[in-house]
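K.L.:
Provided below are the primary sequence and the corresponding predicted coordinates.
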Number of protein chains: 6
Amino acid sequence: MSKNIVSFGEVMMRLQVPGYELLTQANNLQYSFSGTGVNVASAMTKLGHRGYLVTKLPDNPLGDAAISFLQRLGIERDFITRNGKYIGMYFLENGFGQRSSRVTYTNRLESTFNTADISDYDLDSIAANTDVIHFCGISLAMTDKVRTSMKTLAKLVKEKGGKVCFDCNYRPSLWDGGYEEAKPHYEDMLSLADIVMMNEKDAMYILGMETEKTEREEQLQELIPKVAEKYHIQTIAGTHRGINTDNTHSLKGYMYTAEEFVFSRNITFSVYDRIGAGDAYTSGILHGELSDYTPEKTVEFAAAAGMLACTIVGDTPMSTEAEISAAMSGTVGDVKR
Amino acid sequence: MSKNIVSFGEVMMRLQVPGYELLTQANNLQYSFSGTGVNVASAMTKLGHRGYLVTKLPDNPLGDAAISFLQRLGIERDFITRNGKYIGMYFLENGFGQRSSRVTYTNRLESTFNTADISDYDLDSIAANTDVIHFCGISLAMTDKVRTSMKTLAKLVKEKGGKVCFDCNYRPSLWDGGYEEAKPHYEDMLSLADIVMMNEKDAMYILGMETEKTEREEQLQELIPKVAEKYHIQTIAGTHRGINTDNTHSLKGYMYTAEEFVFSRNITFSVYDRIGAGDAYTSGILHGELSDYTPEKTVEFAAAAGMLACTIVGDTPMSTEAEISAAMSGTVGDVKR
Amino acid sequence: MSKNIVSFGEVMMRLQVPGYELLTQANNLQYSFSGTGVNVASAMTKLGHRGYLVTKLPDNPLGDAAISFLQRLGIERDFITRNGKYIGMYFLENGFGQRSSRVTYTNRLESTFNTADISDYDLDSIAANTDVIHFCGISLAMTDKVRTSMKTLAKLVKEKGGKVCFDCNYRPSLWDGGYEEAKPHYEDMLSLADIVMMNEKDAMYILGMETEKTEREEQLQELIPKVAEKYHIQTIAGTHRGINTDNTHSLKGYMYTAEEFVFSRNITFSVYDRIGAGDAYTSGILHGELSDYTPEKTVEFAAAAGMLACTIVGDTPMSTEAEISAAMSGTVGDVKR
Amino acid sequence: MSKNIVSFGEVMMRLQVPGYELLTQANNLQYSFSGTGVNVASAMTKLGHRGYLVTKLPDNPLGDAAISFLQRLGIERDFITRNGKYIGMYFLENGFGQRSSRVTYTNRLESTFNTADISDYDLDSIAANTDVIHFCGISLAMTDKVRTSMKTLAKLVKEKGGKVCFDCNYRPSLWDGGYEEAKPHYEDMLSLADIVMMNEKDAMYILGMETEKTEREEQLQELIPKVAEKYHIQTIAGTHRGINTDNTHSLKGYMYTAEEFVFSRNITFSVYDRIGAGDAYTSGILHGELSDYTPEKTVEFAAAAGMLACTIVGDTPMSTEAEISAAMSGTVGDVKR
Amino acid sequence: MSKNIVSFGEVMMRLQVPGYELLTQANNLQYSFSGTGVNVASAMTKLGHRGYLVTKLPDNPLGDAAISFLQRLGIERDFITRNGKYIGMYFLENGFGQRSSRVTYTNRLESTFNTADISDYDLDSIAANTDVIHFCGISLAMTDKVRTSMKTLAKLVKEKGGKVCFDCNYRPSLWDGGYEEAKPHYEDMLSLADIVMMNEKDAMYILGMETEKTEREEQLQELIPKVAEKYHIQTIAGTHRGINTDNTHSLKGYMYTAEEFVFSRNITFSVYDRIGAGDAYTSGILHGELSDYTPEKTVEFAAAAGMLACTIVGDTPMSTEAEISAAMSGTVGDVKR
Amino acid sequence: MSKNIVSFGEVMMRLQVPGYELLTQANNLQYSFSGTGVNVASAMTKLGHRGYLVTKLPDNPLGDAAISFLQRLGIERDFITRNGKYIGMYFLENGFGQRSSRVTYTNRLESTFNTADISDYDLDSIAANTDVIHFCGISLAMTDKVRTSMKTLAKLVKEKGGKVCFDCNYRPSLWDGGYEEAKPHYEDMLSLADIVMMNEKDAMYILGMETEKTEREEQLQELIPKVAEKYHIQTIAGTHRGINTDNTHSLKGYMYTAEEFVFSRNITFSVYDRIGAGDAYTSGILHGELSDYTPEKTVEFAAAAGMLACTIVGDTPMSTEAEISAAMSGTVGDVKR
């Protein structure tokens, strides 16, 4: 059944050099608009839900272009506030083989979103219409204003009976004060969350939990139940991913719910655009939970969603439930005609 | 020595999203014109013959564009009739890795070609100037008018001393009535043909022949001689193809002629555009037969032609005899300068 | 105040050769989706209203792409039905100077929209949520099913208190039976309409009304009041347009309401893409009426909207109220920075 | 009735910077293949004749690309010889307003064509199949080998009953020795020609004829009859062209035949690509002569053909008889749909 | 004789929607790097001098791309400092006809350049190698740090015997405090300058000078000599420009030197890209002064340089002395080959 | 410490079909300018030195474009002479899988560079400002004039205390007389060189040295010391490269200096554009020598530079010392943000 999924987060303009040239060699850029919130809201729309975004965008042609792009993805514009002057941007140069992709940011902290006040958002209307609200650790790393908005919104939604989903998504480069600065804010969000995306590294590094295990999967099985218990979290899910020497990627998903672990198969696949795969996985978990899939089916579905997102141009997952289900069966087809 | 090769078939407009975007993400399309008949006639031109196409095209700018495109490929326009309003079209979205390519058709059955009458074609002139005429199972699946034209033309050419080549090319989605509807038409064409492209699956499914063998190659060796005998076919040829887990393709060709089988090596190669490889293989067989190659050389030549067609942009094979011969020797060269 | 504007009409795929090449010279196409209904719904969205489209689209990647495009324009997808296989298409080659632009259609009459039944649409929900519904003479020229849907919907909306707008938009090539075939259907729609877009030629040719006047403006002033009276129409509006020898266009708008004529200035301007200018004019009239502008302001606003639409890429008007108001003042600005 | 029109001349590769950038600013080029012979042969094909080209092209991928391009234009490849290594090229930077277009050549004199021997061409076959053969003054400026081929071919065709058309097309930059060097070669060609394209300036400067008149049209009327008489030329035709201050061009055609002058109207029009307009005019004259048009109709037809060529992308005229006839009536249409 | 021309100023990244789409419609951008300083330094390079830029650029891929672009223009990188994180950017949507071009800025005031300290520049080396240094009013509107750097550098160069050129270039949107805030800074720069670009409006509005004249040219002739006298300026020059109703632009240059006025003709021309025309005019004046042209020749040369800059893609003038001299003679040529 | 690196060599225009189409299928080309000298000078610039090119370019728009391109790469234009008419060009069609890339040249031997006289270059100024000068065997294969210039310049630089680097780079297609013709010229250059790029094949085939060893590495270890001794060469370096069946390439570098061999690891990597990898390796060796790296570090650095050059678009290496050092550590990173 179709639900109202609301994401909170920044919309960034992605300016990408087409092909494999460097900024220094090229003279044109392809642009699109993305962000974790955009990706999750849009992916849920493809899965049959209504996807909303809570964000603030500048009142100028760049903001107009962002809105058009979000609409194209099927995202509802009801909770988007317009005002201010700047949108965050990043430039992307595609890597090839041994040469990594490279991202260059503009001064994002002064974007309209990152300087927005809690009063800029229509809190009551948002809370009244939300089945699930999604937050992520990237927003948490931004400004005090953003953090305040996140915590306030999460509480409000919870009070009105909605579920809160939080994706830890820790980015070292965004926290000047490192784990120490981040920890209290992460604890606040974990305490408010029903569904959390994370793995054992988040538990060890952000939350400072300790283990004597040395294998990733053993660490995971020891630490995640402790996190769930401590912060009263219903479901925790995440992935272990790797880049293989033949340039394929591997992904194995897990979910811990009702005090049980389930794992997906470890799947290996070619990658066209790796950005957004994590958000596709999150969307798969949310859709499985909302559709009363078994945990086993949920985690396989989410892993297949993550894999397909890597075959799609751009940050934003575009696959339907039918397409993901077909990919779960796993044979590569020839031309479909 | 240069021969007149005539193909009968529909010209379709191919509208392809460049790169790996979906129709939903992109805003431009590359177009070309193709079809089995186009591919075979053009490929034979590259091999030193004169290639003609018997078809009908609308009398409007889309028909003009098709003609220009065919001329560019070197196909003679003498047997192309102009009139009517519509050309068949298909939209192609390129797959990547686990995501398959996707083809969307327009209403093809009402195209100028598929509604053309036998009287639209200059039968006498065609029959008088044909060394080999080529038909395919895709045309056979279209309309009664098309089927009538095919059988009439095949008979006429045969009477005038030309050879008839028929490529079974069975496409399940095109026959509403399935194998049962198709069988009598296939039998008519097989009875008229001197050279037939098929493999054991066609014998089993279309013609309903039975075997107790379970290996493809054993089935082939049992059934193909029976087909040749029953329908009085001089030469039958075809391929076994596979997609490997590392995204390369494999192809092994066979030819049955003078009651003997010959097989090519099983070759493995990277694929840029897989459409048209079968038509390249057919052209290789025809060229070998017309050039009095040994069967062994013919089948290796045809396999190399099929492989090279997969490295070429678009549906239509572009390789010369010299290029195919070089590829038969098989070492990947560095830059040629 | 924001209103719900609903357009009924076909969504067509526009496939345009970029620049000034012919289809015979080029190899790529830009695509978008448009139609009178699309243009009006989208234009009203830019003017601050909610724009809906009542249409039916195929359930395949072309339909998906159309939906994405409509969403990008800000059109609500609530009243769009999905099913069927084909979308109408047209190919556009840009003219230059003495060489006219050229449009080539595919077989549109079998599109999903033109074969849709009245039962495909959620009539009650549409009627309950409509402030103004817009129809046009192009749809009226299609099929009996489309005509039935138009008349049924118009009646229903009227019963529920909504306004009906009808744009005569007579296209000779679409009516095999000419004016005689068209007249009864036009009379049905005029009898149901509150706001009508037309000029004296429609009165003379479609409705067969007569006048002894020879000047266009005199004919207009004699015939339009008679039309308004006969069919009980509240407001009739339209334009006189001309192409000047220096390739600029001229446009003069008129509106007849409350038994009074008002005329805009005759404005002259450069044209980038002339398609959609009429729909922009219609939107300007609707917005003026809904915003209680004076007739004088409404007709100037509509004329400026029509002019600006000619400076915009694509069929669909993109200008806001502020931009149109600025253009009404009429000085060409330098770079705005 | 369809005739065999044969052009003799060099095929050059045109490498054009798209838009208005300089070579110094851009990084990509559009390429096509053209030349006076290509333009005339192709234009005659569009007018319903068979167009052949006598030329020599290198036996490498650039030669292959040239052949494909010529075939696309509908030109027959029967009289094209392949061998040698180089093709002439020119780079084109589009001018804008007060900034002129700029052409940069490669070392053309060593192209396969300009080093070809008369023995490279199949003279008998050409002569036997030619209704009209076309030469131009650009070829005449090249090398002794080319000049020999021209004169030999002209004589041969004439002997076999074909007509010879010669376009003076004097380019000062191509004759190091100026008019003095050129004159004897021009006289040879004029003596062999039945139809000549020239105007009074050619008579005065190349042939050294004198007049006391000062107006161009008076000079023309005095000198052209003398040329016709001296060299026994059946028909002489040409144009007076001008660039107006508003960037439009004007063209007035004339034809002198059967000792009578006829003039077209002086037409004024916008220009997209001015290269090839003269060749379109020539083709119009040839078509009029071959179709037994009246001189008046011929010269108007040729002028309209020249005008339309200026609205077409690339050097090569693309208009059909129907399109040129429509343009002769002269009203600019709106979108044709 | 070749001189060292040094410009001080910000390098901005220009991100332009190609063609005439809006940001809301398009999906790619062309980028280049420009600024008044860039334009003047580059233009002087084309005129045979060595052009340097004093600026500071971020030490990241965007800074690298800017450097590459400046080098391509021929600008020396010796005085460019690297450090910091951000580069100023603007997005440009091209207008058409009645629809103006639109510029959207990012938060420029925090760019590496606008936060650079005087100590970031190698003052001694700059001053020792400068024949003329150029500043502009846009930089003056930025930050206190920039203003300090400007005044310090100007003094230093003057002490070492170099000339100071200042272009008033007042942009209302950049001065929050309006003319009042700007005036003292302008007075400082005028006092330091040998050559000043301005017109009567700058005198009236920035400097608050008064006149009873109402015609622009009379105001100019009254006020400019007073400015020259008050601030001890050797040469003042500038333009009067207008946009005509047929979309052409007009430009008339003036120069006041040695207590005499000279004016160029009022020239009218088509415009491809109007940005940078003023900088081309400045460069023409500087080149005339450095080359000891007569004032009459200088002002005509500068006007022609300004006109040609409007026919060139991008902000930056690309014309050589020979090209500008040819344009001064003023006839529009046909294709140059 | 930054040194002055001077390369001597031809600048060629590279005209590449984008993607994988053939010249016969495409209609546009990307152009750039390259050559061994360009690649080495540019690569050294990225490594922190000043890179100069000694060459001659035509005085036309193609020469202007070449200069702009070289400047963009950071190459100093001080030693570039302008005059003459032609620039060497080559057309590149990208191969795919079993289909090799294909290069087609224009008549290069008459380029401005290959017809330049020693007197065209400012020998004294070059010699006075050179720390290292680089020559290559491709130039040596051109014309007597080029060979004279090479030997004269090498001697002069050596006399003034600069080092001479010579890259054998033997291309069979460029020497009509084969090894016999080449040998004396190679011996002249080897006698003048301090640093030489070659491997055992050059010793065996060009110099005619003999060995009874059959393994490449053994041959190398036997022959290279003999070469060093005979021609008094300080350092000899080179690579062994291979193309693997999975389309990756392998590269193992070696260096012989101070009578000792060092080898890099044998590294394997994906290849985007293989042209220019050898020049990157050369630049790595030169930079190591100039920076007093240990031989072990030098050869690993050079191998990593060669590998990275294969991941970069175009012929010319673009990697900095930091990027190459990072690649030496060898783990493929994920997106860098």
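P.N.:
Structure received. What you are looking at is a predicted structure, and each value in this text was computed from that prediction instead of being measured. Residues are numbered from 1 along each chain as shown, chains lettered A, B, ... in the order given.
K.L.:
quick one: is stretch A:309-323 near chain F?
P.N.:
No - shown here: stretch A:309-323 not in contact with chain F (C-beta under 8 Å from any C-beta of the partner chain), separated by at least 11.2 Å. Every C-beta, even on glycine, is put in place using the N, C-alpha and C of the backbone.
K.L.:
no wait, stretch A:173-185
P.N.:
Yes - for stretch A:173-185 and chain F, the contact criterion (C-beta under 8 Å from any C-beta) is met by residue A:173.
K.L.:
list the buried ones in that stretch?
P.N.:
For stretch A:173-185, the buried set under the neighbour-count rule, 16 or more other C-beta atoms under 10 Å in any protein chain shown, comprises A:174-175, A:179, A:182-183, A:185.
K.L.:
show me what contacts residue A:264?
P.N.:
Taking C-beta atoms under 8 Å, 6 or more residues apart in numbering or on different chains, we find residue A:264 in contact with A:251-254, A:299-300, A:302-303.
K.L.:
repeat that for 10 Å
P.N.:
A:239, A:251-255, A:281, A:284, A:296-304, A:306, A:328 (C-beta atoms under 10 Å, 6 or more residues apart in numbering or on different chains).
K.L.:
on that earlier part again, take the buried residues of stretch A:173-185 and write them to CSV, including secondary structure.
P.N.:
Formatted as CSV, these follow (DSSP: H, G, I helix; E, B strand; the rest coil):
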residue, secondary structure
A:174, helix
A:175, coil
A:179, helix
A:182, helix
A:183, helix
A:185, helix
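K.L.:
Please report the distance of residue A:267 from residue A:308.
P.N.:
11 Å (C-beta to C-beta, to the nearest Å).
K.L.:
Just want to know which of these two has more residues nearby.
P.N.:
Ranked by neighbour count (other C-beta atoms under 10 Å in any protein chain shown), residue A:267 and residue A:308 place residue A:308 first, with 26 against 20.
K.L.:
Where does residue A:289 sit: helix, strand or coil?
P.N.:
Of the three states, residue A:289 takes helix under three-state DSSP.
K.L.:
what about it, neighbour count?
P.N.:
Using other C-beta under 10 Å, residue A:289 has 22 neighbouring residues.
K.L.:
Touching, it and residue A:236? I think so.
P.N.:
No - at 11.9 Å, residue A:289 does not count as touching residue A:236 under the criterion of C-beta atoms under 10 Å.
K.L.:
what sits in contact with each of the two?
P.N.:
Common contacts of residue A:289 and residue A:236, defined by C-beta under 10 Å, 6+ apart, comprise A:195, A:255, A:257.
K.L.:
Of those, which is the most crowded?
P.N.:
residue A:255 (24 neighbours).
K.L.:
what's the pLDDT at the residue nearest to residue A:254 when sequence neighbours are not counted?
P.N.:
The spatial neighbour of residue A:254 that comes closest, neighbours along the chain excluded (C-beta to C-beta, 6 or more residues apart in numbering or on different chains), is residue A:263 at 5.0 Å. Listed pLDDT for residue A:263 reads 97.
K.L.:
do the same with residue A:273
P.N.:
pLDDT, residue A:273: 85.
K.L.:
Check whether it sits in a helix, strand or coil.
P.N.:
Criterion first, three-state DSSP; result for residue A:273: coil.
K.L.:
how far away is it from chain F?
P.N.:
The gap separating residue A:273 from chain F is 10 Å, by C-beta to the nearest C-beta, to the nearest Å.
K.L.:
residue contacts, the nearest residue to that residue once chain neighbours are set aside?
P.N.:
Excluding the flanking residues, the one nearest residue A:273 by C-beta to C-beta, 6+ apart is residue A:313, at 5.9 Å. By C-beta under 10 Å, 6+ apart, the contact set of residue A:313 is A:16, A:30, A:32, A:272-273, B:17, B:19-22, B:25-26, B:96.
K.L.:
check contacts around residue A:319.
P.N.:
Residue A:319 is in contact with A:43, A:46-47, A:280, A:283-284, A:304-305, A:307-309, A:311-312, A:325-327, B:22, B:99, counting by C-beta under 10 Å, 6+ apart.
K.L.:
In helices, which of the residues you listed appear?
P.N.:
Assignment to helices by DSSP state H places the following of these there: A:43, A:46, A:280, A:283-284, A:304-305, A:307-309, A:325-327.
K.L.:
Contacting chain C as well, which ones from those residues?
P.N.:
residue A:46 (C-beta under 10 Å from any C-beta of the partner chain).
K.L.:
Out of the ones in helices among the contacts of residue A:319, which comes closest to residue B:168?
P.N.:
Ranked by distance to residue B:168 (C-beta to C-beta), the ones in helices among the contacts of residue A:319 are led by residue A:326 at 28.2 Å.
K.L.:
Next, count neighbours for the closest one.
P.N.:
Count around residue A:326 with other C-beta under 10 Å applied: 19.
K.L.:
quick one: it and residue B:100 touch, right?
P.N.:
Yes - between residue A:326 and residue B:100 there is a contact at 8.8 Å, judged by C-beta under 10 Å.
K.L.:
now residue A:31, nearest residue through space, not along the chain?
P.N.:
Residue A:31's closest residue in space is residue A:15 (C-beta to C-beta, 6+ apart), at 5.1 Å.
K.L.:
Per-residue pLDDT of residue A:47, please?
P.N.:
Confidence score, pLDDT, at residue A:47: 97.
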